[in-house]
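# Build me a model:
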Amino acid sequence: MAQAGRAVASLTEALAPHAQSLWVACGPGNNGGDGLVAATALHNNNQQRGLTRRIHLTLTGDPGHLPPDASNALRNALDCGLTLSAQPPDQYDFAIDALLGIGASREPEGPLAKVLSQLRTSPSPVLAVDVPSGLMADTGALLGDEAPPVAARYTLSLLTLKPGLFTCHGRDAAGDIWFHDLGQRPDETVPPPPSFMRPSLVPRVPPEGTPHTRAAMATSLSLAVRG
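Next up, the predicted model:
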């Protein structure tokens, strides 16, 4: 989770280097934990660089019932000085969608559905963590109300590229696709995926500490797999 969250933060800074207001929308599972780690990393970068960039952090779900890793990520976020906002900001330059991951299997309801709708109709660019929230990773079917993207959409797929990113609603929902293997080597006993799903064809987030990381990632945007 720590590595995934830091990768999300790094890609956010490459995609939106001049953003002055970020919304990090976290859900009740480990996908939300990735978002919490990303928010913490972005906040720490603000402190280290003297940036005035605002980070609006929302958590849809009961903070007391998060999975252990996500609960630890929340504690770290609050300890570093971040606060949870009761509502999404009225205006923001860039959003991180960390509501639902690949474990989602039913249509979201209540507050979760409301926040998801706001992300899907966002007039600002949105970066999805692993898969766009509500997208079925295997089929590309979309849970909840479908809404054509208004602004740019990006997805950072983690560990493996999911078939649903390339089929059905996935192509429109995912937008430009990036990939991070989190340091895991592929299982050589598993047959390789179809050529269009091979990670070698999708831009990767460079390791932390790589010189000129933001410039390298920005240059690679022209190579991203588009919906």
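# How many neighbouring residues does P28 have?
Counted with other CB atoms under 10 Å, the neighbours of P28 add up to 19. C-betas here are computed from N, CA, C, even on glycine.
# Repeat that for the one 5 residues further on.
Counted with other CB under 10 Å, the neighbours of G33 add up to 29.
# cool, and A2?
Residues near A2, counting by other CB under 10 Å: 16.
# Mind checking what secondary structure the residue nearest to it when sequence neighbours are not counted has?
Using CB to CB, 6 or more residues apart in numbering and skipping the chain neighbours, the partner closest in space to A2 is V37 (5.8 Å). Assigned with DSSP: H, G, I helix; E, B strand; the rest coil, V37 falls in the helix class.
# Quick check on the most centrally placed residue in the chain: phi, psi?
In the chain, the C-alpha nearest the mean C-alpha coordinate belongs to V129, at 2.4 Å (CA atoms, centre = their mean). According to degrees, to the nearest 10, the main-chain angles of V129 amount to phi -90, psi 110.
# rewinding a little: the residue nearest to A2: what's it in contact with?
Taking CB atoms under 8 Å, 6 or more residues apart in numbering, we find V37 in contact with 1-2, 4-6, 8-9, 73, 76-77.
# Tell me the spacing between I177 and L161.
Counting by CB to CB, to the nearest Å, the separation of I177 from L161 is 7 Å.
# same thing with T60?
Counting by CB to CB, the gap from T60 to L161 is 27 Å.
# so how far does stretch 94-113 reach from one end to the other?
The straight-line separation of the ends of stretch 94-113 (CA to CA, to the nearest Å) is 20 Å.
# try stretch 174-183
Where stretch 174-183 begins and where it ends lie 23 Å apart, using CA to CA.
# Now find how far off-centre that stretch is within its chain.
Between the centre of stretch 174-183 and the centre of its chain there are 10 Å (CA atoms, centre = their mean, to the nearest Å).
# again with stretch 144-156
On the basis of CA atoms, centre = their mean, stretch 144-156 sits 12 Å off its chain's mean C-alpha point.
# before we move on, what about stretch 154-162?
Distance of stretch 154-162 from its chain centroid, counting by CA atoms, centre = their mean, is 9 Å.
# Which residues outside it are in contact with it?
Counting by CB under 8 Å, 6+ apart, residues outside stretch 154-162 touching it are 4, 7-8, 11, 15, 34, 102, 125-132, 137-138, 165, 170, 174-182, 184, 193, 197-199, 202, 205, 224.
# which of those are buried?
4, 7-8, 11, 15, 34, 102, 125-132, 137, 165, 170, 174-181, 197, 199, 202, 205, 224 (16 or more other CB atoms under 10 Å).
# Which helix or strand contains N46?
Using DSSP states H and E, N46 falls within helix 30-49.
# By mean pLDDT, which helix or strand of this protein comes out lowest?
In the chain, no helix or strand scores lower on mean pLDDT, DSSP states H and E than helix 213-220, which sits at a mean of 42.
# So which residues of the chain form strands?
In the chain, the segments counted as strands under DSSP state E are 21-26, 54-59, 94-98, 126-129, 153-158, 176-180.
# quick one: which of those is nearest L42?
Nearest of the strands of the chain to L42, taken as CB to CB: strand 54-59 at 5.7 Å.
# Run the chain-centre distance for the closest one.
That offset, for strand 54-59, works out to 14 Å (CA atoms, centre = their mean).
# Pull the contacting residues for the closest residue to A152 other than its chain neighbours.
Distance criterion CB to CB, 6+ apart; nearest residue to A152, sequence neighbours excluded, is P125 at 4.1 Å. The contact partners of P125, by CB under 8 Å, 6+ apart, come to 15-16, 93-95, 151-154.
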